[in-house]
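S.K.: A predicted structure for the sequence below; I have some questions about it.
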Protein chains: 2
Amino acid sequence: MPKTASPALTRWTRRKEARPAELLAAALDIFVEKGYAATRLDDVAARAGVSKGTLYLYYDSKESLFKAVIRGGLVPAIQRGEKVFEAHSGPMTELLEKIIFGWWEEVGTSQLGGIPKLMFAEAKNFPELADFYYTEVISRGYGLVRKVLEAGRDRGEFIAIDPEYGTRLVLAPLVFLLLWRHSFSMCERQPIDPEKYLGIHMRLAIDGLRARPAAGASALPEAR
Amino acid sequence: MPKTASPALTRWTRRKEARPAELLAAALDIFVEKGYAATRLDDVAARAGVSKGTLYLYYDSKESLFKAVIRGGLVPAIQRGEKVFEAHSGPMTELLEKIIFGWWEEVGTSQLGGIPKLMFAEAKNFPELADFYYTEVISRGYGLVRKVLEAGRDRGEFIAIDPEYGTRLVLAPLVFLLLWRHSFSMCERQPIDPEKYLGIHMRLAIDGLRARPAAGASALPEAR
DNA sequence: CTTGTTATTGACTGATTGGTCAGCAATGTA
DNA sequence: TACATTGCTGACCAATCAGTCAATAACAAG
């Protein structure tokens, strides 16, 4: 017990106001790095510069901490997307690109981009978290893109494809890119270029969705 | 010899030959259900009708058990795909559909379809497994589809898109469907119809990739 | 029936971690 | 300085689980 209680009288400071945000930032880091189940709350607390006991003063369980991360990170991003939709006027092709690239810049390139992968990974083992995420993030994000496709169809810009499936097919490569960058990307020698990938995707997708003036027999009669 | 001693005394039988396969089948079940880290070897052993000790007689660690599952399940499926490629003659559009739908029927609709989700989920926490899977499954699967796209381009069926990115974009919705069905599908009221989803995807993708005879100015100049 | 061989068991170990709480240290007050 | 309030700590508990191994049950041979 050489406790060396020396000059350092003050070993820590009380900072009640700043703790919640610091803990959320630390939690986002560790959750994205390790996944939900594998995240140790000791690590989160340490990264935030406090002890595990302190963490429990501000969040009463691992689950509530995680939900707070989602609410503070992805939900606002979705809301901004909804704002963009409402504020937009002009071709839906433009709006679609704006939303997809905007989401990529805001979420894909940031720490938050790790959350979707995490959720796919843990959805089955934590059905309650999955429901929460599905309601708060997925259904709203899908609804947003579906509204764009429906508006484009109503304006005669897009062909009359089932909006439910169109939405999924437009978003799949985007989400897949997110998942890839947080899983196997470290296995490849030559990493993917997200801008190029998304650029080609949008070109192909918009070209595929665009209503042909009076094209020949080959172009998507009704998509089954 | 057929003297079936009092069955009450015989509590188990020795079945050295059958154990490995039974353990593999049980392991696939539990791995897909719970994920890699969350799988308890006690559960695997129980499902195979043996004790954990027995499991360790046939596989010396959780990791080697998992690798055996991959080698016995997905790798052969890839190999069959490669066979299909070699045996095919005719339009590459047909081959592409054959491979995509074949993979779906063989892997997507079976227990094996849970493995890709599992791998995405655990890749970061188990880099060694990720490398193994990337080498044995992903790179071979991608290589197969890339060869189809390159052949199609050489035959003049497809436009000259970067095959690396074309491959990713063709496969992303397929893999995404796999991941979805093993994660959030249980959250939606109206489940997705895989046939319809893949059908629309292939229509859009093939239409997007198909070389236009002498189309106007709008159709994909060179995809950036 | 006896004896040797081996497939199988299940209790055990050691390490890990979500969550708890009694006590202490920082700050405020007089 | 003495006392009160409270933000914070870290040892601790209980549960979980990969991996081990001495004991034992099944079988075969003589």
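M.R.: Arrived safely, thanks for sending.
S.K.: which element is residue A:99 on?
M.R.: helix A:92-103 (DSSP states H and E).
S.K.: near DNA strand C at all, the helix or strand just after that helix?
M.R.: Per DSSP H and E, the first helix or strand lying C-terminal to helix A:92-103 is helix A:114-122. No: using Cβ under 7 Å from any atom of the strand, helix A:114-122 never reaches DNA strand C; the gap is at least 12.5 Å. For the C-beta atoms, the positions are set from N, CA and C on the backbone; glycine is no exception.
S.K.: Residues touching helix A:114-122, excluding its own?
M.R.: When contacts are defined by Cβ atoms under 8 Å, 6 or more residues apart in numbering or on different chains, helix A:114-122 is touched by residues A:28, A:31-33, A:35-37, A:69-70, A:73-74, A:129-130, A:133, A:137, A:175, A:178-179, A:182-183, B:35, B:117, B:120-122, B:179, B:183-184.
S.K.: Show me what the helix holding residue A:99 is packed up against.
M.R.: helix A:62-87, helix A:139-154, helix A:163-181, helix A:194-209 (3 or more Cβ pairs under 8 Å, 6 or more residues apart in numbering or on different chains; DSSP states H and E).
S.K.: Buried residues, the last one. List them.
M.R.: In terms of neighbour count (16 or more other Cβ atoms under 10 Å in any protein chain shown), helix A:194-209 has its buried residues at A:194, A:197-209.
S.K.: What is the nearest of those residues to residue A:54?
M.R.: residue A:194 (37.7 Å; Cβ to Cβ).
S.K.: Enumerate every residue touching the nearest residue to that closest one once chain neighbours are set aside.
M.R.: With sequence-adjacent residues excluded and distances taken as Cβ to Cβ, 6 or more residues apart in numbering or on different chains, residue A:194 is closest to residue A:177, at 6.1 Å. By Cβ under 8 Å, 6+ apart, residue A:177 lies in contact with A:104, A:108, A:192, A:194, A:197-198, B:172.
S.K.: Roughly how far does residue A:177 sit from residue B:114?
M.R.: 22 Å (Cβ to Cβ, to the nearest Å).
S.K.: ditto for residue A:23
M.R.: Taken as Cβ to Cβ, the span from residue A:23 to residue B:114 is 34 Å.
S.K.: same thing with residue A:100?
M.R.: Counting by Cβ to Cβ - residue A:100 and residue B:114 are separated by 29 Å.
S.K.: Can you tell me which of the helices and strands packed on helix A:92-103 is packed in deepest?
M.R.: The highest mean neighbour count among those, using mean count of other Cβ atoms under 10 Å in any protein chain shown, belongs to helix A:163-181: a mean of 22.
S.K.: Convert the C-alpha atoms of it to CSV, please.
M.R.: Extracted C-alpha coordinates of helix A:163-181, given in CSV (Å, rounded to 0.1, in the frame of the first residue of the first chain):
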residue,chain,number,x,y,z
PRO,A,163,-41.6,1.9,-54.9
GLU,A,164,-41.0,-0.5,-52.0
TYR,A,165,-38.6,-2.5,-54.0
GLY,A,166,-37.1,0.5,-55.8
THR,A,167,-36.2,2.0,-52.5
ARG,A,168,-34.5,-1.1,-51.3
LEU,A,169,-32.5,-1.4,-54.5
VAL,A,170,-31.4,2.2,-54.4
LEU,A,171,-30.3,2.0,-50.8
ALA,A,172,-28.8,-1.5,-50.8
PRO,A,173,-25.5,-0.5,-52.4
LEU,A,174,-25.2,2.5,-50.1
VAL,A,175,-25.8,0.4,-46.9
PHE,A,176,-23.6,-2.3,-48.3
LEU,A,177,-20.8,0.2,-48.7
LEU,A,178,-21.2,1.2,-45.1
LEU,A,179,-21.1,-2.4,-44.0
TRP,A,180,-18.1,-3.2,-46.1
ARG,A,181,-16.0,-0.3,-44.9
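S.K.: could you check the angle helix A:194-209 makes with that helix?
M.R.: Interaxial angle of helix A:163-181 relative to helix A:194-209 (axes from the mean of the first three to the mean of the last three Cα atoms, to 10 degrees): 160 degrees.
S.K.: Pull the distance from helix A:163-181 to the chain's centre.
M.R.: 12 Å (Cα atoms, centre = their mean, to the nearest Å).
S.K.: tilt between that helix and helix A:92-103?
M.R.: 30 degrees.
S.K.: tell me the average confidence for stretch A:99-107?
M.R.: Averaging pLDDT along stretch A:99-107 gives 97.
S.K.: what's the first-to-last distance across it?
M.R.: The straight-line separation of the ends of stretch A:99-107 (Cα to Cα, to the nearest Å) is 11 Å.
S.K.: Contacts for it next, please.
M.R.: With Cβ under 8 Å, 6+ apart as the test, stretch A:99-107 has contacts from A:74, A:77, A:80-81, A:84-85, A:112-113, A:141, A:144-145, A:148, A:170, A:174, A:177-178, A:194, A:198, A:202.
S.K.: Nearest to residue B:15, out of the helices and strands packed on helix A:92-103?
M.R.: Nearest of these to residue B:15, taken as Cβ to Cβ: helix A:163-181 at 40.8 Å.
S.K.: Averaged pLDDT, the closest one. What do you get?
M.R.: 98.
S.K.: tilt between it and helix A:114-122?
M.R.: Using the same axes, to 10 degrees: helix A:163-181 against helix A:114-122 is 100 degrees.
S.K.: what's the angle between helix A:163-181 and helix A:139-154?
M.R.: Counting by the same axes, to 10 degrees, helix A:163-181 lies at 130 degrees to helix A:139-154.
S.K.: got a list of contacts for whichever strand or helix holds residue A:46?
M.R.: Taking DSSP H and E as the criterion, residue A:46 maps to helix A:41-47. Helix A:41-47 is contacted from outside by A:23, A:26-27, A:29-30, A:34, A:51-52, A:54-55, A:62, A:65, using Cβ under 8 Å, 6+ apart.
S.K.: among those, which ones are buried?
M.R.: Buried, going by 16+ other Cβ under 10 Å: A:23, A:26-27, A:29-30, A:34, A:55, A:62, A:65, out of the contacts of helix A:41-47.
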